[in-house]
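> Give me coordinates for this.
(chains A and B)
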Amino acid sequence: MSALATAAPRRDPAFAARLSWSAGTLLLLWPLLVATEFRPWLLFDPDSLRVSGNFLAGFWPPAHEANFLLLVARETWRTVAMATAGVTLGLLIAAPLALLATGTLSISALGGRMAPLPAALRQLVRALLVLLRSVPELIWALVFVRVVGLGPTSGVLAIGLSYGGMLGKVYAEILESGETQAATALLRNGCGRLQAFCYGLLPASAAELSSYTVYRWECAIRSSVVLGFVGAGGLGQLLDSSVKMFAGAEVATMLLVFVALVALADRASAWLRQALG
Amino acid sequence: MLEGIGARHPQARPGAALALRGLDLKLATGEQVAVIGPSGAGKTTLMQLLACALAPSAGHLGLDGRSPWNLPRRELQALRGRLFLAPQLPPLPPRQRVVTAVLAGRLPAMGLLASLRALVYPDDIPAAFAALERFDLGDKLFERVDRLSGGERQRVGLARALLAPAKLWLLDEPLASLDPARSRQAIGVLSQQARARGITLVATLHQIDTALSSFPRIIGLRDGALAFDLPAAQVTPALLARLYEQHEQELHGQPAPEDDPAPDTSAPVIMQCR
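Numbers count the residues shown, from 1 in each chain, chains lettered A, B, ... in the order given. Okay, the predicted model is just below:
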């Protein structure tokens, strides 16, 4: 062995481990594929090719009658309004919960260990955030459609509650994983939690926080479509009826609108990151 | 206000090796003290103990005849507002403007509403300018922190002390990234201001000659224990040689290797599964 040690190594000692890990992962994947009945070759069956071909052929040209475009414009506006109001509601829920959940802003943890009462409160807030986001917005929407009736209000409430949970969790994680020395130094010099947040944490993570919020807005636009399928209004409801009537041209128009909205969110987020970064 | 600090037998964090062992120290109001010693001697730990940023794991710390760690949290936080700890790396958010970073020194004395208002419009631009001007940084008032050099950032961190409502300044390596001329200027400003305001000043220093020439009292720390605590005039080369034994390159003015690795400032952005 000692004679070999002096010679230049010929083999990568980590190769065997890497190979066995990769093979193990692929082996583990197999039962999952079986369990989900994943059979992509069915897509290329002549029968299914004809059905989907007919539907897709109807996509071109996209519907562009003035009446229909006006309807789409109005429903798009409603969808954007629903997503924006929903994310705003989510933000109002998430911001205070994230501030409560962030361990970086703990004053009692300064001296070493967090005191039991604040630690318990933090766990409680985290549990509340888990509860809010573990119920899918579709279920929230079904609940609210019963309570407040059909229409965008239930969509807004559904997005607000589940997005509040997601935003709160991710905000807290962004705040804890960013640069925290500034906030810690302020706390050590006797500032309050909110002061330390505004002067220490916020300037360090503003770009991350806002770009994530814009990304969530984009997600809210998409989920408002799904919510439309259960009667929460907006483009989704329109899309639902068009799909049911196999009106491919109308579906194509609305999908183009979605592409435009997502691209818009992407630009807005890039611009915000540049402005704040 | 601060009548005397007694820190006895403070010990470091549980679990870790003790950074300070059985240390007795008394500081009087208005005193100016330099703490010297090789890297890893426990200087930073001592500063954090004095700032009530770290609870002693043994022994007793008294401030003003009170023991801070027995106070309710709210009062302890108010007490921290009267202590100013300037960490070795200036804790300034890179995207903040210098004016905001300097005025943040005043936060402990401000209510929440006032501090929110100051974010919208800086509340005392002249005071921030005056503090910066003492360190020749007046022209950087509205620059962003990440546009400054390391030395400029450090001086901004020191300018913050001038605005803090503190009665005790604890400066950890305040001259670490300054050149000799700037060092002399900065330490001159700090000690003159501290004297004028009756503030007690404690600084850890690697520059021995600056410590000896600017501070009347010198505390030597080695391996977490007190090596000597003498007036500057009585600190002899022999004492210094013993203090820095096996760390001679630090005694001769070379920058010491960092005691504790600087926290990674370019923390990767974590994009979790969303």
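> So for B:Ile270, what's the pLDDT?
pLDDT, B:Ile270: 43.
> Kindly report the same for B:Ala51.
88.
> Quick check: closest non-adjacent residue to it.
B:Leu85 (3.7 Å; Cβ to Cβ, 6 or more residues apart in numbering or on different chains). For every residue, glycine as well, the C-beta is placed using N, CA and C.
> partner residues bridging the one you found?
B:Leu170 (DSSP bridges).
> So, low pLDDT: which residues of the stretch 151-274 of chain B?
Where the stretch 151-274 of chain B drops to pLDDT under 70, the residues are B:252-274.
> hang on, I meant chain A
Low-confidence segments of chain A, defined by pLDDT under 70: A:1-5, A:112, A:277.
> give the contact list for the closest residue to chain B within it.
Going by Cβ to the nearest Cβ, chain B is nearest to A:Gly190 of chain A, at 2.8 Å. Listed by Cβ atoms under 8 Å, 6 or more residues apart in numbering or on different chains, the contact set of A:Gly190 reads B:77-83, B:107-108.
> Centre-most residue in chain B?
B:Leu171 (1.9 Å; Cα atoms, centre = their mean).
> Which residues does the closest residue to that residue other than its chain neighbours form beta bridges with?
Among residues not flanking B:Leu171 along the chain, B:Ala203 sits closest, at 4.2 Å (Cβ to Cβ, 6+ apart). Counting by DSSP bridges, B:Ala203 forms beta bridges with B:Ala34, B:Leu171.
> Just the element for B:Ile218, please.
strand B:217-222 (DSSP states H and E).
> what angle separates the helix or strand just after that strand from strand B:217-222?
Next helix or strand after strand B:217-222 toward the C-terminus (DSSP H and E): strand B:225-231. Counting by axes from the mean of the first three to the mean of the last three Cα atoms, to 10 degrees, strand B:225-231 lies at 160 degrees to strand B:217-222.
> roughly how far is strand B:225-231 from the heart of the chain?
19 Å (Cα atoms, centre = their mean, to the nearest Å).
> buried ones in that strand?
B:226-229 (16 or more other Cβ atoms under 10 Å in any protein chain shown).
> do the same with stretch A:63-81
A:63, A:68, A:72, A:75-76, A:78-81.
> Out of these, list just those in helices.
Members of those lying in helices (criterion: DSSP state H): A:68, A:72, A:75-76, A:78-81.
> Dump stretch A:132-143 to CSV, keeping only the CA atoms.
C-alpha atoms of stretch A:132-143 as CSV (Å, rounded to 0.1, in the frame of the first residue of the first chain):
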residue,chain,number,x,y,z
LEU,A,132,-52.7,27.1,6.6
ARG,A,133,-50.7,25.8,3.8
SER,A,134,-51.4,22.1,4.1
VAL,A,135,-55.0,22.6,3.1
PRO,A,136,-54.9,23.0,-0.7
GLU,A,137,-56.4,26.3,-2.0
LEU,A,138,-58.9,24.2,-4.0
ILE,A,139,-60.4,22.8,-0.7
TRP,A,140,-60.4,26.3,0.9
ALA,A,141,-62.2,27.5,-2.3
LEU,A,142,-64.8,24.7,-2.1
VAL,A,143,-65.4,25.6,1.6
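> Just checking that stretch against chain B, any contact.
No: judged by Cβ under 8 Å from any Cβ of the partner chain, stretch A:132-143 stays clear of chain B, getting no closer than 10.8 Å.
> Walking through the chain, point out its strands one by one.
You didn't pick a chain, so chain A it is. Along chain A, counting by DSSP state E, no stretch forms strands.
> Please refer instead to chain B.
According to DSSP E, chain B carries its strands in the segments B:5-8, B:24-27, B:32-36, B:60-63, B:83-86, B:168-172, B:200-204, B:217-222, B:225-231.
> Each with direction, which strands does the second one pair with?
Using DSSP bridges, the neighbouring strands of strand B:24-27 in the sheet come out as strand B:5-8 (antiparallel).
> Give the closest residue to A:Leu42 in space, chain neighbours not counted.
In space, A:Leu42 is closest to A:Ser48, 6.4 Å off (Cβ to Cβ, 6+ apart).
> quick revisit: correct me if wrong: the residue nearest to B:Leu171 contacts B:Ala34.
Yes: counting by Cβ atoms under 8 Å, B:Ala203 does reach B:Ala34; the two are 5.6 Å apart.
> Tell me the residues that contact both of these two, please.
Residues within reach of B:Ala203 and of B:Ala34 at once, by Cβ under 8 Å, 6+ apart, are B:211, B:215.
> Quick check: the gap between A:Val125 and B:Pro72.
23 Å (Cβ to Cβ, to the nearest Å).
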